[in-house]
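[1] Got a sequence here, can you model it:
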Amino acid sequence: MFNVSTSIILQVRNINRSDGNADFESLIVMLRARKNQFVKFLFKLFLVIEVLILCASNSLAEVSQSVVLKKVSFDEIPRQIIFDPKIFENKSEILSGISRTLRFLKSEKGKEAYRAFERIGISNTRVEQTLARFYLILMFSNSPAELEKRIRRTFDLYRSVGADGRGTVKFTGYFQPVYKASPVRTKEYRYPIFRKPADFDSWKLPHPTRVELEGYDGLGRPGTLLHGNEIAFLRNRFEAFMIHVQGSAILQFPDGTTKAIGFDAGTRHPFRGISRKFLKENHVAWNKLDKFFIKHPDKLDQVLSRNNRFIFFKEREVPQPLGSLGVPVIPERSIAIDKLKLPPGALSIIRTRLPEEVSNGKLALKPASRFVLSLDSGSAIKGPGRVDVFMGTGDKAQKKANTIFGPGELYYLMMKQYDDLKI
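    As a prediction, this is how the structure comes out:
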């Protein structure tokens with residue numbers, strides 16, 4: 001394939017440089033004569049380059065995927081990581097969650113989600129078998145010690161490499177808020193939550209900005225693109241913003257009726273959260289932002305005008321919030337992950353500081369391990385070093401969620417291969 005190019009290069013080098021015009025004419029004649037061969041050569045060369053790029057990208061994808069989860073021995077970790085006595089307090093909820101997740105894994109959507117993970121030995125079938133076996137083990141175990149013994153005998157353990165390659169995972173919490181709302185705009189209820197416009201799927205890229213959609217102040221006045229698509233109205237913009245962040249809400253109307261809403265679609269813009277710089281400059285802690293923004297709504301307008309990621313909602317028939325897999329999330333037993341990096345729906349173990357009630361309804365953070373299901377994802381949850389723990393619905397859940405902010409570890413249980421399985 002390279003004979004044509006070599007011949008041309010040699011002939012160019014051999015042209016007499018002392019006679020510029022003759023050299024140039026000779027070169028033109030030679031190139032015209034070899035034009036077809038040279039074009040074919042270039043075409044073949046580009047094909048080879050394209051193949052090499054594809055191979056390189058596939059190799060990089062495999063390397064990227066393979067380093068996200070690392071197989072570890074149970075003997076390498078402290079025993080308390082797989083010791084979860086609280087699991088027996090909400091056993092039925094976990095078993096129901098496993099059953100729903102198994103239905104997701106059997107669907108075409110569930111099978112497609114695991115195409116990228118099969119290269120590292122984590123297939124849809126293996127995750128399905130893991131959940132089915134854990135269901136039986138949990139059902140028939142009568143103590144944490146018995147559960148631990150069966151887990152060691154039945155499963156392999158994988159650890160997320162985290163954000164630093166050494167297993168450090170940043171944990172936060174989220175919840176489903178319950179807010180007072182109105183089906184129509186009033187003096188008290190002015191800030192809208194929007195449904196997906198009928199023509200959204202045909203919108204051209206780039207999608208409109210947040211300011212174009214609802215206005216700088218978020219009131220969705222006439223003339224903004226979303227005017228007329230309101231589901232309901234909130235008392236302040238911070239509550240509307242929190243629904244965007246949490247992805248679902250229960251709305252309580254003045255006549256006593258309620259409406260559950262959840263994520264429907266979002267614009268194709270990256271999420272821009274509230275920076276550490278903003279917190280430092282305004283001397284506010286991240287878990288005190290609600291009071292700060294209600295007191296300083298102009299600051300919230302400023303922050304949101306730079307965050308063009310916009311969420312549209314739809315009404316839900318059930319009050320339980322649904323994760324991105326279409327499965328109801330479980331309070332304190334399900335997590336949001338980056339499902340492009342970590343296996344969705346899989347059985348996980350989290351180890352971090354979680355809130356517990358002490359005296360007088362106060363909360364204290366204590367080191368804890370939890371068996372959880374990876375049922376959700378989020379635009380702000382990126383990479384193997386981020387996990388969001390769902391804490392439930394309402395004010396109590398919000399208080400718990402606001403306390404979770406720190407490092408921890410994330411593990412996955414996977415059914416042992418048949419030749420390693422001890423019955």
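[2] residue ranges for the strands of this structure, please.
    69-72, 155-160, 169-176, 178-180, 191-194, 230-234, 248-252, 258-266, 311-316, 334-336, 347-357, 363-376, 386-393, 405-415 (DSSP state E).
[3] Determine which stretch of those is the most buried.
    Looking across the strands of the chain with neighbours counted as mean count of other C-beta atoms under 10 Å, the highest average goes to strand 334-336: a mean of 25. Where you see a C-beta, it was placed from the backbone N, CA and C, and this is true even at glycine.
[4] Run the chain-centre distance for it.
    Centroid separation for strand 334-336 versus its chain: 10 Å, with C-alpha atoms, centre = their mean, to the nearest Å.
[5] Tell me the helices and strands packed up against that strand.
    Using 3 or more C-beta pairs under 8 Å, 6 or more residues apart in numbering; DSSP states H and E as the contact criterion, the elements in contact with strand 334-336 are strand 363-376, strand 386-393.
[6] if we can go back for a sec, please name whichever of the strands of the chain is nearest to Asn142.
    strand 363-376 (16.1 Å; C-beta to C-beta).
[7] That closest one pairs with which strands, and in what direction?
    Its sheet considered, strand 363-376 pairs with strand 334-336 (parallel), strand 347-357 (antiparallel) by DSSP bridges.
[8] what's the angle from that strand to strand 169-176?
    90 degrees (axes from the mean of the first three to the mean of the last three C-alpha atoms, to 10 degrees).
[9] Do you have the helices of the stretch 151-300 of the chain handy? List them.
    For the stretch 151-300 of the chain, the helices defined by DSSP state H, counting those that start in this stretch cover 210-214, 237-246, 276-281, 289-295, 297-304.
[10] Which pLDDT value goes with the closest residue to Thr168 other than its chain neighbours?
    Spatial nearest neighbour of Thr168, excluding adjacent residues (C-beta to C-beta, 6 or more residues apart in numbering): Gly162 at 4.3 Å. You'll see Gly162 listed with a pLDDT of 97.
[11] Could you give the number of residues near Gly162?
    By other C-beta atoms under 10 Å, the residues close to Gly162 number 22.
[12] what does Phe238 give?
    21.
[13] surely it meets Leu300?
    Yes. Contact criterion C-beta atoms under 8 Å: Phe238 and Leu300 qualify, at 6.1 Å.
[14] I'd like the strands paired with strand 363-376 written out as CSV, with distance to Val68 and mean pLDDT added.
    Compiled in CSV, those are given as follows (distance: least, C-beta to C-beta, whole Å; pLDDT from 0 to 100):
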stretch, distance to Val68, mean pLDDT
strand 334-336, 16, 98
strand 347-357, 13, 96
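[15] can you tell which of these is closest to Ile120?
    Here strand 347-357 is closest among the strands paired with strand 363-376 (C-beta to C-beta), at 16.1 Å.
[16] Select, out of the helices and strands packed on strand 334-336, the one closest to Tyr216.
    That would be strand 386-393 among the helices and strands packed on strand 334-336, by C-beta to C-beta, at 28.8 Å.
[17] how far is that closest one from where the chain is centred?
    For strand 386-393 - counting by C-alpha atoms, centre = their mean - the centre lies 12 Å from the chain centre.
[18] That one: partners in the sheet, and parallel or antiparallel?
    strand 169-176 (parallel), strand 334-336 (antiparallel).
[19] So for the first one, mean pLDDT?
    Think strand 169-176. 97.
[20] coming back round to it: of all the strands paired with strand 363-376, which one is nearest Glu76?
    Nearest of these (C-beta to C-beta): strand 347-357, 13.5 Å.
[21] Pull out the CA atoms of the closest one and give them to me as PDB.
    C-alpha atoms of strand 347-357 as PDB (Å, rounded to 0.1, in the frame of the first residue of the first chain):
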ATOM      1  CA  LEU A 347     -26.900  -4.700  44.700                       C
ATOM      2  CA  SER A 348     -24.500  -2.300  46.500                       C
ATOM      3  CA  ILE A 349     -23.000  -1.700  49.900                       C
ATOM      4  CA  ILE A 350     -22.300   1.900  51.100                       C
ATOM      5  CA  ARG A 351     -20.100   2.700  54.000                       C
ATOM      6  CA  THR A 352     -20.200   6.300  55.200                       C
ATOM      7  CA  ARG A 353     -21.500   8.500  58.000                       C
ATOM      8  CA  LEU A 354     -25.300   8.400  58.100                       C
ATOM      9  CA  PRO A 355     -27.800  10.300  60.300                       C
ATOM     10  CA  GLU A 356     -29.400   8.500  63.200                       C
ATOM     11  CA  GLU A 357     -32.000   9.900  65.600                       C
END
